[in-house]
Structures are given as C-alpha cells and as structure tokens.
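S.K.: What follows is a predicted structure for the sequence shown.
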Amino acid sequence: MNNPEKVADMVSVVIPVYMSENIIYELYERLVAVLTGLNRAFELIMVDDSSTDNSYRTMQAIHSKDPCVKIIRLSCNHGQQYATLCGLRYARGGYIITMDDDLQNPPEEIPNFIKKIDEGFDVVIGKIIEKKHPFFRRAASKLAQKLMCSILGKPQNLILSSYRGFSRRAVDKITKYEVVFPFLPALIFATVHNSAIVNIDVAHADRYHGGSTYSFFSLLKVTSFLLINHSAIFLRLIALWGLLLSVGSLFLAFYLFIYLGMVIKGWIPLAILISFFSGNIILSIGILGEYSSRILKSTTTTKGFGVFEEEL
C-alpha cells in the first residue's frame, strides 16, 4: 500500500460511509466550513463500506469538484471498524479526526480535538454530553464500555466513542498492525499509553436522515470482537470447567470408596470414571486453546492489509 507524504500541520478527517447518500453533501459542506476556518491544509477521506444506495456516486461527484476529498470504496461490506482503519492508513495529516457519517458528531467540535492534541495527548475521544441514541443503543454502549474495561484495560473514567482525534504518532503505531477483524479500541489501548488518552465533552445531534443501522446483531458483533478476538475468557472458562469436573470426580471417588469404604457396583463407578476423563479432555482443550491464542497474538504482523476495489 502506498504511504503518501505526511504533512505535519495538515488535518485529515476520516469518515466511514454506509448508506448515507442524503447526508454526505451537508456533511461535506459543514466540514469544509470548519476546516477552512482553521487556516491549515486539510483533506477529507471518505471510505464507502460497499453501500447499496448512491453514496459512492455522491462521493465521486464531490471528489470531482474538490481534490481535497479522497474517496475509497471497499469491495464488500466489512463494517465500520475496518473502514475507519482503512481511512487511517491513507491519512497524511499530523492531526487525524475520525467521525461518523450521520452528522450526529457535529463537525464544529473539531477545533477542540486539535487543541487537546496540541497539549500533548495522542488520542482525544469525544465524550457525548447527552446522547440522542434510542434506549437500546445506549444500553448496548454501556455494556460494551464495561466489557472493554475488563478485557482491554480501559480506565473506568474514560468513555469511548467513534468521534476521535489522533496525533500522527498514534496513527503510525495503530496502522502498523495487520489484523483480519480490526477493533480500533483494542488497537488504541495496545499501542497508546493510558496517560496519553483523554476525553473531551462533545455535543450529540439528532439523526438528520433515516434510521440507525445499529441493531441487535451489531451489538453481538462488537461483543464477539471483545470476547473472542481480544480475550481468552471462554477458553479459560472451558479449562476451569474441565478442572472442576476432574477434581470433583476424584473427590467423589475418594469420599465413596476410601472415606465411606463403600464397594459400589453398576453405573456409579462408570459415571465417575467418565466424568474424570471427560474433565481431563475438556481441560486439555482449554489449555491448547490458550496456547493457540498466545501464538496467534505473538505472530500478528505489522504490515499493511486490505484489498480495496477503488481509490481516488
């Protein structure tokens, strides 16, 4: 993948786009108004996550009129995390902003992110003052935040969102990792020290057009990334269950045959033997899974990834 020349004072705004043909023009106009006022060079990187509406055609029309707008089209739908990481790989600026395409993240907040980065922070995350999401979305967000505390080591007082500002140094570290199923919070906490990550309060607007694409299955997907891709909780639970089954069957055999001195025939000794050996097998599976997980982490490459259908 080409690594274009980086410009220290440039502001790059990365936007994953999905089914947003009715919002893109307004988003573009508001972003340009804000970024022009900063008196810095800027670029907008819009990554179409294989939308089935006219989002990409709208992006092409904007790009044809404004060369500061770079557009990328993914060959198939990979999800917001993948699309955002793709945009980060193409960003050239010394200040990089990521935001959603639905205008619920007001572009007018961008100068506050830049000021905080200038204070020496590498990652600045927008903390939404009053969320306009429905109850289900807010509840799902709280669940994900709690899981990330225990799995990713996220500080309790740090609130995550997709409205973020990055220093050039942070993006260079994050984009070195090649992962099949990227999850940006995991990459952030793996590469940036907690002391260099900070929240700022940001407003949250009502959704301008259409309904949210966030669903129950989106929650399941995020939860699976946390529990399966970035933790070994299930493997350890399996290993613990196997250990308890093995030890429990041994104690039961000791209690019945040694302590009580019982001579038992029939299905009870067979059941104890089956439980003991089944526990050993389950424990072995858990241990092998833990080994596999650690080997996978140790062999994660730090090279660019992704195949994209089109970039302009």
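M.R.: Perfect, I can see it now. Numbering: from 1, shown residues only.

S.K.: if you average pLDDT over stretch 56-74, what comes out?
M.R.: Stretch 56-74 shows a mean pLDDT of 95 in the predicted model.

S.K.: Same question for stretch 195-202.
M.R.: 95.

S.K.: which residues touch that stretch?
M.R.: Stretch 195-202 is contacted from outside by 105-106, 109, 112-113, 116, 120-129, 155, 157-159, 161, 163, 170, 188, using C-beta atoms under 8 Å, 6 or more residues apart in numbering. In short, each C-beta sits where N, CA and C put it, glycine included.

S.K.: Quick one, which of the residues you listed are buried?
M.R.: 105-106, 109, 113, 116, 121-128, 158-159, 161, 163, 170, 188 (16 or more other C-beta atoms under 10 Å).

S.K.: What's the mean pLDDT across stretch 258-268?
M.R.: pLDDT averaged over stretch 258-268 gives 67.

S.K.: just stretch 115-127 next, same as before
M.R.: 96.

S.K.: Kindly check the end-to-end length of that stretch for me.
M.R.: Stretch 115-127 has an end-to-end distance of 16 Å (C-alpha to C-alpha, to the nearest Å).

S.K.: List of residues touching that stretch?
M.R.: 95, 105, 109, 113, 158-161, 163-167, 169-170, 188, 192, 196-202.

S.K.: burial count for residue 189?
M.R.: 21 (other C-beta atoms under 10 Å).

S.K.: swap that for residue 268, please
M.R.: When neighbours are defined as other C-beta under 10 Å, residue 268 has 13 of them.

S.K.: which secondary structure element contains it?
M.R.: helix 267-298 (DSSP states H and E).

S.K.: now that helix: how far from the chain's centre is it?
M.R.: 31 Å (C-alpha atoms, centre = their mean, to the nearest Å).

S.K.: can you pull the buried residues of it?
M.R.: For helix 267-298, by 16+ other C-beta under 10 Å, it's 272, 275, 276, 279, 282, 283, 286, 287, 289, 293.

S.K.: hang on, isn't residue 187 packed against residue 178?
M.R.: No: the pair residue 187 and residue 178 fails to qualify as a contact (C-beta atoms under 8 Å) at a distance of 11.0 Å.

S.K.: Compare those two (neighbour count), which wins?
M.R.: Using other C-beta under 10 Å as the criterion, residue 187 and residue 178 rank with residue 187 on top: 22 against 13.

S.K.: Which residue, neighbours along the chain excluded, lies closest to that one?
M.R.: residue 174 (4.8 Å; C-beta to C-beta, 6 or more residues apart in numbering).

S.K.: Provide a list of residue ranges in the stretch 101-250 of the chain with pLDDT below threshold.
M.R.: 130-151, 207-232, 234 (pLDDT under 70).

S.K.: Show me the helices in it, by range?
M.R.: 110-118, 135-152, 168-174, 184-191, 216-224, 233-253 (DSSP state H, counting those that start in this stretch).

S.K.: measure residue 278 to residue 240 for me?
M.R.: Residue 278 is 14 Å from residue 240, where distance means C-beta to C-beta, to the nearest Å.

S.K.: Ok, residue 23 next?
M.R.: Taking C-beta to C-beta, one finds residue 23 at 48 Å from residue 240.

S.K.: In terms of neighbours, single out the busier of these two.
M.R.: residue 23 (20 against 13).

S.K.: That one against residue 105, yeah?
M.R.: No: counting by C-beta under 8 Å, residue 23 stays clear of residue 105, with 11.7 Å between them.

S.K.: Would you tell me which one of the buried residues of helix 267-298 comes nearest to residue 81?
M.R.: Nearest to residue 81, judged by C-beta to C-beta, of the buried residues of helix 267-298 is residue 293 at 20.1 Å.
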